[in-house]
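**Student:** predicted model and sequence follow; I will ask about them next.
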Amino acid sequence: MNSVLRVFSYLKRYPKLAVAQLFCASVMAFSVIIFPSIAGFVTDEILLDPTRYHELLKWVLIGVGGFLLKDLLNCGRILVNNHFEQNVIYDVRSDLYRKIQNLPLNWFDKRRTGDIMTRVAEDVTSMERVLIDGIELGLVSTIQLLAVGGVMYATNWEVGLWATLPIPFLILGAWIYSKDARYRHRAQRDATSDLNSLLHDNISGIRQIKSYAAEEDELHHFNKLSGKVRQASLRLMRWWAVYNPSMSFVQMLGYSLVLYFGGQAVIGGEMDLGDLVKYFLLISLFYEPVSNLRQLNQLFLSSRAAADRVFEILDSEDEPNDVNAQPLPKDFAAQVEFRNLSFTYSEECQSPTLSGVNLKALPGQTVALVGPTGAGKSTVVNLLPRFYHYQDGNILIDGHELREIDKSSLRQQIGYVTQEAFLFNGTVRENLLLARRDASEEQLWTALSNACCESFVKALPQQLDTNVGERGVKLSGGEKQRLSIARALLKDPPILLLDEATASVDTETEHLIQTALDRLMRNRTVFVIAHRLSTIKNADRIYVLDQGQVVEEGTHHELLAQEGLYNELSKKSFLDDDQQNSTKT
């Protein structure tokens, strides 16, 4: 129930809408009493007195006025409720997205994209039912229940007692149904999330599925997860199929009790016939909100499961940032130093990813990180922008401990070009402006020219305003990489991180990318990860990592002379690559 209450806590932001909603609901609940009261009065006073037959139309019109008042207020209440609900859902989505933006990268490492998308898109929408039906059914039904019940007891309290006799049994049934329902609804939400995650992965990897002719295998996997959704849904439906008719039967017993004991009261002269007619009209209005509240219980249980999943994200710990963190000075020199740094991605890892790493990059220097796969090169690069939180050792920029620097200020001074260039589903212009929102047209074209992109962008149908497709699918790999370099050039950062920026491209494209990188690396402190000799041989300092430790350091020629791991890697990869390029040229 805490999750449901937290959803309703958002309502405090809109007190005027809350007051308007309460007013409409209250007056509407009391307006439903008008017609039953008139029906009882007409039965006793008008129909039994021929001299008053002429008053019949007047009282019927008053009853119609009661219906009109009720429906006008209901229209206003629905409009207010819709504004209320949409404002709150907007706030929840905004809070959730802001929270996702502030979560650390290791949080995303442990979760599936499809599951996160399900929580934002579907679970928030499911929470919406708490607000729409929670107010519509809960508030209106409760007020109507109290108003109609009060009139019933005022008319004849003994018959009123019999009419309310089923209520304790309805409450008991609701408790039995609700006791374990949270887990049934959570199982359905989790199964749906698993299905959506698989669907997201398979759509993203459709080329791989087709290339390996794995359509039937993936269909089997999809059907297996879809079957779990079916079973979880059927389990909910089986419970509801027993609960709802049972409670409806108990509720209908109230009509029988009113007919029997009310009939006896009329026969015994203790109750007028008009009051019995009034009672039957009132009891339908009494059990209507009872039925609504029973359905509301089902909606609450479903919404609670969704709200639990949403608030699970909202309650996650933010990316750490010292409250006293200071921004980097505008004229900092961009000297970077790692001192005895150790790091592990998670507690489950048996050995640290980095252990006692020491390295240094002087202002304007290019530092290359070399080593076999899994040596920790990318981890070093990912720690510098504080993508992950380290505990042991220090990372210093101009002598300032990285943890004492404001994250936003730090990241504004760092450019990052990854092996797989990521472009958003938007225009070329929109992807470039991510680096610098206020960039002019001239600055955009200058960055494109320096990144060797100008010619192919001008050849696009709408040039800067051409949509590149999801993940830049409309461009080649080399074009995407050069656009990401143009984005980094536009940012003009003092510190640059290059993670395999020329990997997996042909020689001609590599030459274009390398030309762009040479321009990008001028007068900056650069950390570069590469497996090609042409990329790193001119680095000012090369650090060789193996199993999370720095095992060698020096210039290209110094490391070759040592005949260690760098020399071995060069013979296996770098030198062969260099010789191949020399032969081609």
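**Tutor:** Cool, got the structure.
**Student:** closest to the centroid, which residue in the protein?
**Tutor:** Among the residues of the chain, the one closest to the centroid is V120, at 3.0 Å (CA atoms, centre = their mean).
**Student:** quick one: contacts for it?
**Tutor:** Residues near V120 by CB atoms under 8 Å, 6 or more residues apart in numbering: R93, L96, Y97, I100. All C-beta spots, glycine's among them, are computed from the backbone N, C-alpha and C.
**Student:** put the buried members of those residues into a ChimeraX selection.
**Tutor:** One line in ChimeraX is enough to select the buried members of those, burial here meaning 16 or more other CB atoms under 10 Å:
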select :93,96,100
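**Student:** against I313, how distant is the residue nearest to the centre of the chain?
**Tutor:** 8 Å (CB to CB, to the nearest Å).
**Student:** which residues are in contact with both of the two?
**Tutor:** In contact with both V120 and I313: L96, I100, using CB under 8 Å, 6+ apart.
**Student:** quick one, phi psi at G393?
**Tutor:** Phi and psi for G393, reported as degrees, to the nearest 10, are phi 90, psi -170.
**Student:** which residues touch it?
**Tutor:** G393 touches F338, R339, N340, L341, S342, F343, G356, V357, counting by CB under 8 Å, 6+ apart.
**Student:** which strand or helix spans L497?
**Tutor:** Per DSSP states H and E, L497 falls inside strand 495-499.
**Student:** what's the answer for E552, then?
**Tutor:** strand 549-554.
**Student:** by contact count, what packs against that strand?
**Tutor:** strand 354-361, strand 541-546, helix 556-562, helix 565-569 (3 or more CB pairs under 8 Å, 6 or more residues apart in numbering; DSSP states H and E).
**Student:** pick the most buried one from these.
**Tutor:** Neighbour counts (mean count of other CB atoms under 10 Å) averaged over each of the helices and strands packed on strand 549-554 peak at strand 541-546, with a mean of 22.
**Student:** so for E420, what's the pLDDT?
**Tutor:** If you check E420, the pLDDT there is 73.
**Student:** quick one, what contacts the nearest residue to V92 once chain neighbours are set aside?
**Tutor:** Nearest in space to V92, with sequence neighbours left out and distances taken as CB to CB, 6 or more residues apart in numbering, is V124 at 5.6 Å. V124 makes contact with I89, V92, R93, L96, A306, V310, according to CB under 8 Å, 6+ apart.
**Student:** at 7 Å instead, please
**Tutor:** Residues near V124 by CB atoms under 7 Å, 6 or more residues apart in numbering: I89, V92, R93, L96, V310.
**Student:** mind checking how far the third one is from P352?
**Tutor:** Right, R93. From R93 to P352 the distance is 39 Å (CB to CB).
**Student:** equivalent analysis for the second one, please.
**Tutor:** Applying CB to CB, the value for V92 to P352 is 39 Å.
**Student:** looking at these two, which is more packed in?
**Tutor:** V92 (23 against 19; other CB atoms under 10 Å).
**Student:** what are the phi and psi values for the more buried one?
**Tutor:** Dihedral angles for V92 - degrees, to the nearest 10 - are phi -60, psi -50.
**Student:** likewise the one 4 residues further on?
**Tutor:** Torsion angles at L96 (phi, psi; degrees, to the nearest 10) stand at phi -70, psi -40.
**Student:** just the pLDDT for it.
**Tutor:** So, for L96, pLDDT stands at 85.
**Student:** give me the pLDDT value at N340.
**Tutor:** So, for N340, pLDDT stands at 90.
**Student:** and the gap between the residue nearest to it when sequence neighbours are not counted and L362?
**Tutor:** Leaving aside its sequence neighbours, N340 sits nearest to G393 (CB to CB, 6+ apart; 4.5 Å). In this view, G393 and L362 are 20 Å apart by CB to CB.
**Student:** the nearest residue to L285 once chain neighbours are set aside: what's it in contact with?
**Tutor:** Excluding its sequence neighbours, the residue lying closest to L285 (CB to CB, 6+ apart) is V148, at 4.8 Å. Going by CB under 7 Å, 6+ apart, V148 touches V32, I33, L282, L285, F286.
**Student:** which residues of the stretch 301-450 of the chain fall in strands?
**Tutor:** Under the criterion DSSP state E, counting those that start in this stretch, the stretch 301-450 of the chain contains strands at 336-343, 354-361, 366-370, 392-397, 400-401, 414-417.
**Student:** which among those is found nearest to Y243?
**Tutor:** strand 336-343 (53.2 Å; CB to CB).
**Student:** name every strand pairing with that closest one and say which way it goes.
**Tutor:** Sheet pairing for strand 336-343, assigned by DSSP bridges, gives strand 354-361 (antiparallel), strand 392-397 (antiparallel).
**Student:** next one: it to chain centre, how far?
**Tutor:** 34 Å (CA atoms, centre = their mean, to the nearest Å).
**Student:** pull out the buried residues from that strand.
**Tutor:** V336, E337, F338, L341, S342, F343.
**Student:** so what angle separates the directions of that strand and strand 495-499?
**Tutor:** Using axes from the mean of the first three to the mean of the last three CA atoms, to 10 degrees, the inter-axis angle of strand 336-343 relative to strand 495-499 is 50 degrees.
**Student:** ok, residues contacting strand 336-343?
**Tutor:** Residues contacting strand 336-343 (CB under 7 Å, 6+ apart): 352-361, 379, 383-384, 390, 392-397, 495, 525.
**Student:** circling back: let me know the closest of the contacts of V148 to V242.
**Tutor:** So of the contacts of V148, ranked by how close each gets to V242 (CB to CB), first place is F286, at 24.5 Å.
**Student:** all helices for the stretch 351-500 of the chain, in order.
**Tutor:** 377-383, 407-412, 428-433, 441-450, 454-458, 477-491 (DSSP state H, counting those that start in this stretch).
**Student:** if we can go back for a sec, and the residue nearest to the centre of the chain, how close does it get to H185?
**Tutor:** From V120 to H185 the distance is 19 Å (CB to CB).
**Student:** so what strands line up beside the strand holding E552?
**Tutor:** strand 541-546 (antiparallel).
**Student:** what sits up against the partner strand?
**Tutor:** By CB under 7 Å, 6+ apart, strand 541-546 touches 359, 365, 367-372, 375-377, 536, 550-556, 559, 565-566.
**Student:** so who does the nearest residue to A187 once chain neighbours are set aside touch?
**Tutor:** Counting by CB to CB, 6+ apart, A232 is the residue found nearest to A187 once chain neighbours are left out, at 4.7 Å. Taking CB under 7 Å, 6+ apart, we find A232 in contact with A187, Q188, A191.
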